[in-house]
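Undergrad: What follows is a predicted protein model with its sequence.
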Amino acid sequence: MKIAPSIIAADFTKLKHEIKMIEQAGADLIHLDIMDGVFVPNITFGPMIVEAINKMTKLELDAHLMIVNPEKYYERFIECGTKWISFHIETVRNVKESINFLKKKKCHPGIAINPETPLQKIFKYIDRLDYLLIMTVHPGFYGQKFIPEVLKKIEQARRFIDKNHLRCLIQVDGGINGENASIVARAGADILVAGAGVFKTKNYKKAIRNLKCSRI
């Protein structure tokens, strides 16, 4: 199980220290929630901050683009050091072109889907993906409560990937913490994104260890 703490929940007044703490705690990726105030009702940060974060860490950066027209910004985020990029299938005109572009740039392509988006929408692309991001909250703000109804979608995705012998990983994001991580892992997740579930705890190492142990 890989753990990707979402930097949105970190204390930005001491960002470098926060990043060092999650590195030492055993994080595998740093998850970046990029919001534009249009696709989702919140604004976070853009390439300039991503570039600064990249200079503070050796961990790979995983950008979740919750923005309209993400195609315009792939190259900029890659230039800033992003190795994983997911876009919402609801926001792009040509999904295959997006996937091919990211692969050509040696960036892991992922598709993100909201809780209400049918999984069937991504089946025809999934063999080209490195990961599928399944949202277990409605995107926009961290600290929301996990939506348990999405577990069935995770299980369905797991069955489809295994049945077709695909290499696509399942990333799950939204309300993940030490209490629900095990049921998400059993449903088939490979990567857990946790914001408040790491950064709002008193012990990052313990929080990440508990999330990793969810697979056992």
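TA: Now that the structure is in, tell me what you want to look at. The structure displayed is predicted, hence computed values, not measured ones.
Undergrad: residues near residue 170, how many?
TA: When neighbours are defined as other C-beta atoms under 10 Å, residue 170 has 21 of them. C-betas here are computed from N, CA, C, even on glycine.
Undergrad: That one is in contact with residue 161, isn't it?
TA: Yes: assessed by C-beta atoms under 8 Å, residue 170 is found in contact with residue 161 at 7.1 Å.
Undergrad: Overlap in contacts, the two.
TA: residue 188 (C-beta atoms under 8 Å, 6 or more residues apart in numbering).
Undergrad: If you count neighbours, what's buried in the top helix by length along the chain?
TA: Longest helix in the chain by number of residues (criterion: DSSP state H): helix 151-163. For helix 151-163, the neighbour count (16 or more other C-beta atoms under 10 Å) marks 151, 153, 154, 156, 157, 158, 160, 161 as buried.
Undergrad: where do the strands sit along the protein?
TA: Remark: strands assigned in the chain by DSSP state E are 2-5, 29-35, 60-66, 82-88, 108-113, 131-135, 169-173, 191-194.
Undergrad: Looking at the first one now, give me its mean pLDDT.
TA: Taken as a whole, strand 2-5 has an average pLDDT of 98.
Undergrad: Walk me through which strands that strand pairs with, and which way each runs.
TA: strand 191-194 (parallel) (DSSP bridges).
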